[in-house]
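Colleague: Would you be able to build a 3D model of this:
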Amino acid sequence: MIIVAKYEGKCPHCGLQIHIGNEIDWHKGAKAIHVECLRKIEVAENKAIRHDYPASWGKQPGVDYPEPKRSTAKKKITPPFVDDELNF
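Modeller: Model prediction:
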């Protein structure tokens with residue numbers, strides 16, 4: 001649950017001070033962490049590579065892969081080769 005800090009504290013993720021008024025992720029029974037630290041953790045988890053997953057199996061389940069970039073440029077269409085000696 002993301003809330004505004006009411007008390008000073010220390011972020012267990014980065015070790016920096018949590019000041020009153022900072023946005024934090026707080027859950028009952030757990031230490032509060034900065035929202036920025038939470039986002040870094042989520043990004044790291046999404047990018048995590050499982051080393052026990054063979055590449056030959058294709059994409060890993062649960063990993064978000066970016067869409068491949070597709071060219072939007074139109075292909076230049078060239079006319080077929082014309083031989084001047086042949087008259088059709």
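Colleague: Tell me where the model's unsure across this structure.
Modeller: Across the chain, residues meeting the criterion (pLDDT under 70) sit at 46-66, 68-88.
Colleague: Going along the chain, name the strands of it.
Modeller: 2-4, 9-10, 17-18, 23-25, 33-34 (DSSP state E).
Colleague: Distance to Ala44 for those - can I get that in CSV?
Modeller: C-beta here means a position set from N, CA and C on the backbone, and glycine is covered the same way. Conversion of these to CSV gives the following (distance: least, C-beta to C-beta, whole Å):
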stretch, distance to Ala44
strand 2-4, 19
strand 9-10, 21
strand 17-18, 20
strand 23-25, 15
strand 33-34, 13
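Colleague: Dump the ones you listed into a markdown table; add distance to Glu45 and mean neighbour count as well.
Modeller: Formatted as a markdown table, the strands of the chain follow (distance: least, C-beta to C-beta, whole Å; neighbours: other C-beta atoms under 10 Å):
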| stretch | distance to Glu45 | mean neighbour count |
| --- | --- | --- |
| strand 2-4 | 17 | 10 |
| strand 9-10 | 23 | 15 |
| strand 17-18 | 22 | 16 |
| strand 23-25 | 14 | 19 |
| strand 33-34 | 14 | 20 |
